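S.K.: Here is a sequence together with a model predicted from it:
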Amino acid sequence: MEDNNKLDLMSDLPCEILRHIISFLPLKEAVRSTSVLSTTWRQLLAPLSVNLEPNTKGIANIQQVLGRFLRSYVSHERLKLISFRAAGDDDGEDLKDDVGLIAMATKGVEKELHLHFMENSRKSRTIDHGFHLKMQQTLVLGNVQSFSSLKTLHLRSVDHHATRLVSDLFACCRRLESLTLEKCGGLEDLHVEGCNSLQSLTILDCGDIVSITICARNLKSFSYRGVLPRMQLQSASDLVEANLDFRYGVGGNEFDLEEVLCLLDSLKEVQILTLCGWLLEWMCTAGVIFGRLEFQFNKLKKLCWFSSSMDRAKRDSLACFLNMCPLLEKLLVQMDQSFSSFPCPFFHQHWHEPHLWMDYEMVKSNTSQLKHLKIFELSGFSSDDSELLLMELLLNKAVVLESMIVT
């Protein structure tokens, strides 16, 4: 039989079997794959719409709906939560114009829930509201039991309307291992505590964030992308990997050197660390000499450094930082012109003493030997003198270097 005459026998299988097949795929891959296949496959993860009843308490209503949705994790499923304006609130417009999507919920067989909040009416976001979000596990009775077995929770576009709902749901997640907050506009203060099962925390592109406080004693991985906020990581001695992606600079926040030093001190036990070039440059310009600090990264095995480009100040501040990484084995340097650059401000007071003015030979003599560095990778190479001198420095100091990859 020729190819153009072949039948799609798999698509003719019962929906129950097809759902079982895609349940073997990771949730994100299942959603992506079924969206580009035939209509039969797309319908497998087509969201089921649930109309929330008017004249009811919104938070309790949504909790009940999500509770029923999460009673089992046999297959990947999607749920669309829709609200209608109560009849008594009608201002003369057609009811159909007041239909609003509150949230899209997607659950996976590995006990994960992705909850994407959206507008619940055409007029709900005429004004941006700054809000605080406190996520704390408590022993309050009456929690939704269906959430107690949830392991992964991904929250997107949480706004001030949803803070109580999110806080209440988080309080129910007794076995939660992974939490992600993404693009939560208006979120100014985040406080997460009391979740001993939490091992991974990710915060992405919450552009209004000012303060973050995390207390999760068993946290293993922390990843942040956004502006530099006031950030406290308490009881972080078990943390293995930290990604501090401050690619948007300080935003409207103030650069507080002591707070940044306290943050790095709380991360001193990590084995994998990601930092941006402008942060080290600003710290060194303010007079910080990393080798003189009271702490070191004695367990750090892998350091990832990224910036829009490499210049003398960024090169020398990176060299200075390497002095506090005695067991470093792998160094990744990435230059990407799509990243923003941030001119260094003038500092009136200095932590130790200014030192970025030193010539290259002085920098080289002040850089400790990297006795364990085996791998160096540089991407975005532009043949700049600072890049070449950094390579020369590492060839001189990394006495056991096995691989240098430049692209």
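M.R.: Arrived safely, thanks for sending.

S.K.: quick one: least confident helix or strand in this protein?
M.R.: Scoring the helices and strands of the chain by mean pLDDT, DSSP states H and E places helix 39-44 at the bottom, with a mean of 69.

S.K.: List the neighbouring strands of the very next helix or strand once past that helix plus their orientation.
M.R.: Heading C-terminal from helix 39-44, the first helix or strand you meet, by DSSP states H and E, is strand 48-52. The sheet places strand 48-52 alongside strand 77-83 (parallel), with pairing taken from DSSP bridges.

S.K.: in the partner strand, what's buried?
M.R.: Buried residues in strand 77-83, counted by 16 or more other C-beta atoms under 10 Å: 77, 78, 79, 80, 81, 83. Every residue, glycine included, has its C-beta placed from N, CA and C.

S.K.: Using CSV, write down the CA coordinates of the helix or strand just after it.
M.R.: Using DSSP H and E, the helix or strand that directly follows strand 77-83 along the chain is strand 100-108. C-alpha atoms of strand 100-108 as CSV (Å, rounded to 0.1, in the frame of the first residue of the first chain):
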residue,chain,number,x,y,z
GLY,A,100,-14.8,36.2,31.5
LEU,A,101,-12.1,33.5,31.7
ILE,A,102,-10.8,33.4,35.3
ALA,A,103,-8.2,30.6,34.9
MET,A,104,-7.0,27.8,32.8
ALA,A,105,-6.1,24.7,34.9
THR,A,106,-3.9,21.9,33.5
LYS,A,107,-3.1,18.8,35.5
GLY,A,108,-0.7,16.0,34.8
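
S.K.: ok, residue 403 - how many residues close by?
M.R.: Look at residue 403: counted by other C-beta atoms under 10 Å, it has 9 neighbours.

S.K.: In this structure it contacts residue 376, no?
M.R.: Yes - at 7.1 Å, residue 403 and residue 376 qualify as touching, with contact defined as C-beta atoms under 8 Å.

S.K.: ok, now how distant is the nearest residue to residue 270 once chain neighbours are set aside from residue 359?
M.R.: Spatial nearest neighbour of residue 270, excluding adjacent residues (C-beta to C-beta, 6 or more residues apart in numbering): residue 242 at 4.9 Å. Counting by C-beta to C-beta, to the nearest Å, the gap from residue 242 to residue 359 is 33 Å.

S.K.: Neighbour count: the two, which is higher?
M.R.: Under the neighbour definition other C-beta under 10 Å, residue 242 and residue 359 were set side by side, and residue 242 has more, 24 against 9.

S.K.: Am I right that that one sits in a strand?
M.R.: Yes - the assignment for residue 242 (DSSP: H, G, I helix; E, B strand; the rest coil) places it in a strand.

S.K.: what are the ranges of the helices in this structure?
M.R.: Using DSSP state H, the helices found in the chain span residues 15-22, 27-34, 39-44, 58-69, 163-172, 257-266, 277-285, 312-322, 360-366, 385-397.

S.K.: Mean pLDDT lowest where, among these?
M.R.: Mean pLDDT values for the helices of the chain show the minimum at helix 39-44, a mean of 69.

S.K.: Surely the residue nearest to residue 270 is in contact with residue 269?
M.R.: No - counting by C-beta under 8 Å, residue 242 does not reach residue 269; the two are 9.7 Å apart.

S.K.: Return the residues in contact with the nearest residue to residue 49 once chain neighbours are set aside.
M.R.: Once flanking residues are discounted, residue 49 sits nearest to residue 80: 4.6 Å by C-beta to C-beta, 6+ apart. Residue 80 makes contact with 47, 48, 49, 50, 101, 103, 104, 105 under the criterion C-beta atoms under 8 Å, 6 or more residues apart in numbering.
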